[in-house]
Each structure stands twice: as C-alpha cells, then as structure tokens.
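> what's the 3D shape of this:
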Amino acid sequence: MNIAYTSLDFEISLEENKVTTLVIENKHLYRQMIRELIKQENGDEGSWILSDTGNILEIKKYVHTILNILQLDLNQKSILTKLQAKFVKMANNEIELVSEINSKIQELLFKLEFEYDLDVGHQDFISAQELIKLGNLYFRQDREIDLLNLISYAEIVQDLLKPKLFVITNLKSLVTDEERREILRTLMSKYIHVLCLESEAYEKGMIDKNFENRYTLDNDFCLI
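Numbers count the residues shown, from 1 in each chain. Next up is the predicted model:
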C-alpha cells in the first residue's frame, strides 16, 4: 500500500508489519496537510492519494485520522451507525425474541387505544432495525485517559469502519518513546496499519528499522 501527496509530488510505501512515520518540519505545511486530509475524509477533493496494488482507494472510506489521543470519541455518528447496523444483523437472527417483544408492544398499544376516546391505530409490526434504533446505542467511555483507550478505540474502529490506514498526528509529543513503541507494536499485532504524522524531529539514530520506516519532509520540501 502507498500514500502520496501530489502537491509536493512524493509517494511513500506503507509496508506491512512496519509503522510509517512522516516528520513535516514546516509547521504551516504540517497544518495544511492535515487540514487537507480531514477534508478528504469528509468527501472533499485533495492532494492525498492512497493506493493498493495500483488501485486508488477512497480516502473517505479507507483512512481514519486520530488528531488527539486525549480526545477519542467512539460516539461519532459514523461509528454508531455501523454499530447499529451490526446489532440489527444480530437481532435478525433472534426471530422468536423479536416476535415476543412485538407481542408485548402490541398488547400495550391496544390497551392504550382502548382507553383513549378517539379512533387511533398503530403499526402492526416493529422490525428489528426499528427496535435497535429505539435502543439509542452508545459506547460507555472511561473519563480517565489511558493509553489502552487508544488501542481499544482503534480496535473498535477497525471492526466497525474497517479502514485500511490509521493516521495518528503528533503522538510523539504526548507519550514517551517507550509508550509510543508499546502502542504501535500493539496496533501492528492486530494488523492495523499506522501512519504517524509528526511536526517535531526525532533525535538521529533513535530508530528501529525493523519496526519503523521514518521519513522527513524538510523545510525545503524535500523528502529524505
């Protein structure tokens, strides 16, 4: 899998079993590139291109960006929509239970209609989809920030949205080197592809090439 940024005419290979890190030294460019990526995730046009074996992949569908690991929100509309769809599929296999629930609802509605003075009708059958929607599903989230939250968040997003690439911004500024390695190794062990975008350079020599491919886009806009 490859990712390219056409405005600067560079392309990076995203190897399996390795984290890819891109350090962008120019702060203005860093902000611009991230803003553009977010816009493309929302369906707009932009310079980022994700491809796999020569096929262009839609950024909106296959990239999920984490802007701040301290503000992870599993109750985004896109995630809850997929969660609801998954529960509907599961509920469709519970034919007897759905039928029982409908019988109780019908009993309640008939009783209320009988007690009401005017002529009122109601829907004869409430589908599994409608029942699940009434449940107003949401994820319970710990208020206390923990590194496990990021791993759990990524696992749930991977299960429901199925992105091919997670982009994490400025992870280096929020965790220690040891914590960073632990997070990224855990994500890789779960077959989650990760691209880290950083605005701060790393110390020279501090890289495990068996674990990570690291690139720098310097202030002259050259990829090294």
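> assign a three-state SS to the residue sitting furthest away from the middle of the chain, would you?
Within the chain, the residue lying farthest from the chain centre (CA atoms, centre = their mean) is Asp117, at 51.2 Å. Assigned with DSSP: H, G, I helix; E, B strand; the rest coil, Asp117 falls in the coil class.
> quick one, phi/psi of it?
For Asp117, the backbone dihedrals (degrees, to the nearest 10) come out as phi -70, psi -30.
> please apply the same query to Glu100.
In terms of degrees, to the nearest 10, the main-chain angles of Glu100 are phi -60, psi -40.
> from Ser127, how far out is it?
According to CB to CB, to the nearest Å, Glu100 and Ser127 sit 14 Å apart. Every C-beta, even on glycine, is put in place using the N, C-alpha and C of the backbone.
> what about these two, which has more around it?
The residue with more neighbours, out of Glu100 and Ser127, is Ser127; 14 against 11, by other CB atoms under 10 Å.
> which residues touch the more buried one?
Taking CB atoms under 8 Å, 6 or more residues apart in numbering as the criterion, Ser127 is in contact with Val98.
> next: the one 4 residues further on.
For Leu131, the contact set (CB under 8 Å, 6+ apart) comprises 91, 98, 101.
> and the protein, what are its domains?
2-73+160-217, 79-134 (automatic domain parsing).
> pLDDT on the shortest one, on average?
Taken as a whole, domain 79-134 has a mean pLDDT of 94.
> show the end-to-end separation of it, please.
The straight-line separation of the ends of domain 79-134 (CA to CA, to the nearest Å) is 17 Å.
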